[in-house]
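Engineer: sequence and computational prediction follow.
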Amino acid sequence: MTKTKLAGLLLLAAVAGGLWYHLSVFVPGTDAKMNPVNPHPPHPVFIAAQKLHPTLRIADLHTDTLLWRRNPAKRHDYGHVDIPRLREGGVDLQVFSAVTKSPRGLNFGENAEDAPDDIKLLAMAQLWPPRTWNSIYERAAYQAQRLQKLERDPKNGIKIVRRAGDLDTPDGVIATLLLTEGSHPLEGKLENIARLYNEGYRAMGLQHFFDNELGGSMHGAAKGGLTEFGREAVLEMVRQGIMIDVAHSSEAVVRDVLNLTDAPIFISHGGVLSHCAASKNRNLPDDLTKAIADRGGIIGIGYFEPAICDISPAGIADAIIDAVDVLGIDAVALGSDFDGTVTTSLDTSELAAITHALLERDVPEADIRKIMGENAYRYFAQNLPQ
């Protein structure tokens, strides 16, 4: 072997070794650091909860698992959600959100629309297809296609919900639903609503952590209402049968949407402001969440500190109970924000701890059934395309 060939082989080995380290150590390590579960002994789940929990129909309105390179078909010891842990937690319906742009710093108070985009860097670091590096639309399409690939393998036992009838899955099959976290994947084009619909999306957030072409974010610089394009997009979403999520939208946008359409809207992950005063940069005022509930919408209670203050299972239960007091029993659901760069006290395999905490607070079984999933199933059955 010539010295030139040997040098080439050594260089190739070094590159391969560096790539192996990057994908096997650095990327998973970043994922684990961004999506931690606080160390804890096993959460208490007494006999009453052990008996009740497996009989519940459980739905979670928000996880960002598709953002991360980890394979959702395999069980992991980091992060919050994968298919095996969904089964362990008894989850029957999981909404998968697509995060497609995130401003550097992720400030809950204010972010500039033109701040450096961390999702572009994440896409490149995780070796997403080059088409996703400079296209927000393609990032949404790619994440939907990841879920489609999982659906095609019958061993995974999942079904993407595209119409109301898909909610009734066979035993052992987990229903999944696609949501965009913000509507910036439209890239200012109404025709991209139909393209995302064809990829399987049946729910769309309007904003995320920054103002966009549709209007103001709760965390944006202007925090304004719907733009003209935003009004056109909302009406087109309603026409096509896409449900609207206002989890990160400004107060002005939410009021504009409520004035523009009678279609029930929802909050996929958040909380009630009166429960957690520190959540003023994350949760809408109670009058707005009440207006959403009165229209037939639902609010998913998150498991993260900026939304509910206390992230323990007991704290989640307290946030749920206060939300029921404000919104009524038919409007409250689970909206974890798992894998959304949040710290939690449990992963999705440990949801029985929430059932236990609700029982400890003497919440009636019928109400627990609604909170843990029946309300979400009813909302989707009424608002998905028939």
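Structural biologist: Sure thing, it's come through. Numbers count the residues shown, from 1 in each chain.
Engineer: CA-only coordinates of the helix or strand harbouring residue 293 in PDB, if you can.
Structural biologist: Assigning secondary structure by DSSP states H and E places residue 293 in helix 286-294. Coordinates of the C-alpha atoms in helix 286-294 are reproduced here as PDB (Å, rounded to 0.1, in the frame of the first residue of the first chain):
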ATOM      1  CA  ASP A 286     -58.200  33.700  32.500                       C
ATOM      2  CA  ASP A 287     -60.900  35.600  30.500                       C
ATOM      3  CA  LEU A 288     -59.300  34.400  27.300                       C
ATOM      4  CA  THR A 289     -58.900  30.800  28.300                       C
ATOM      5  CA  LYS A 290     -62.500  30.900  29.600                       C
ATOM      6  CA  ALA A 291     -63.600  32.200  26.200                       C
ATOM      7  CA  ILE A 292     -61.800  29.400  24.400                       C
ATOM      8  CA  ALA A 293     -63.400  26.900  26.800                       C
ATOM      9  CA  ASP A 294     -66.900  28.400  26.300                       C
END
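Engineer: tell me, what residue is most central in this protein?
Structural biologist: Nearest to the centroid of the C-alpha atoms of the chain, with distances taken as C-alpha atoms, centre = their mean, sits residue 62, at 2.7 Å.
Engineer: please tell me how far that one sits from residue 215.
Structural biologist: Remark: distance between residue 62 and residue 215 (C-beta to C-beta, to the nearest Å) = 21 Å. For the C-beta atoms, the positions are set from N, CA and C on the backbone; glycine is no exception.
Engineer: ditto for residue 373
Structural biologist: 31 Å.
Engineer: which one of these two has more residues nearby?
Structural biologist: residue 215 (29 against 21; other C-beta atoms under 10 Å).
Engineer: still on that earlier bit, helix/strand/coil for the residue nearest to the centre of the chain?
Structural biologist: Reduced to three states with DSSP: H, G, I helix; E, B strand; the rest coil, the structure at residue 62 is strand.
Engineer: with residue 369 instead?
Structural biologist: Using three-state DSSP as the criterion, the local structure at residue 369 reads helix.
Engineer: skipping adjacent residues, who's closest to it in space?
Structural biologist: Residue nearest to residue 369 in three dimensions, not counting chain neighbours: residue 56, with 5.9 Å by C-beta to C-beta, 6 or more residues apart in numbering.
Engineer: so what's the residue count around residue 370?
Structural biologist: Residue 370: 21 neighbours (other C-beta under 10 Å).
Engineer: list the contacts for it?
Structural biologist: Neighbouring residues of residue 370 by C-beta atoms under 8 Å, 6 or more residues apart in numbering: 329, 330, 332.
Engineer: how near is the residue nearest to residue 369 to residue 124?
Structural biologist: With the distance defined as C-beta to C-beta, residue 56 ends up 41 Å from residue 124.
Engineer: more neighbours: the two, which one.
Structural biologist: A count of neighbours by other C-beta under 10 Å puts residue 56 above the other of residue 56 and residue 124, at 21 against 12.
Engineer: hang on, the earlier thing: and the helix or strand following the helix holding residue 293, what does it pack against?
Structural biologist: On the C-terminal side of helix 286-294, the closest following helix or strand by DSSP H and E is strand 299-301. Contact here means 3 or more C-beta pairs under 8 Å, 6 or more residues apart in numbering; DSSP states H and E; on that basis strand 299-301 packs against strand 58-63, strand 267-270, helix 286-294, helix 313-327, strand 332-334.
Engineer: where in the stretch 1-150 of the chain is pLDDT low?
Structural biologist: With pLDDT under 70 as the threshold, the stretch 1-150 of the chain has low-confidence stretches at 1-26.
Engineer: where do the helices sit along it?
Structural biologist: Listed in chain order, the helices of the stretch 1-150 of the chain (DSSP state H, counting those that start in this stretch) span residues 3-21, 27-34, 47-52, 83-89, 118-125, 136-152.
Engineer: let me have those helices in JSON lines, extended by distance to residue 281.
Structural biologist: Shown next, in JSON lines, are the helices of the stretch 1-150 of the chain (distance: least, C-beta to C-beta, whole Å):
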{"stretch": "helix 3-21", "distance to residue 281": "38"}
{"stretch": "helix 27-34", "distance to residue 281": "20"}
{"stretch": "helix 47-52", "distance to residue 281": "34"}
{"stretch": "helix 83-89", "distance to residue 281": "30"}
{"stretch": "helix 118-125", "distance to residue 281": "19"}
{"stretch": "helix 136-152", "distance to residue 281": "24"}
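Engineer: so which of those gets nearest residue 300?
Structural biologist: Proximity of the helices of the stretch 1-150 of the chain to residue 300 was assessed by C-beta to C-beta; the nearest stretch is helix 83-89, lying at 15.6 Å.
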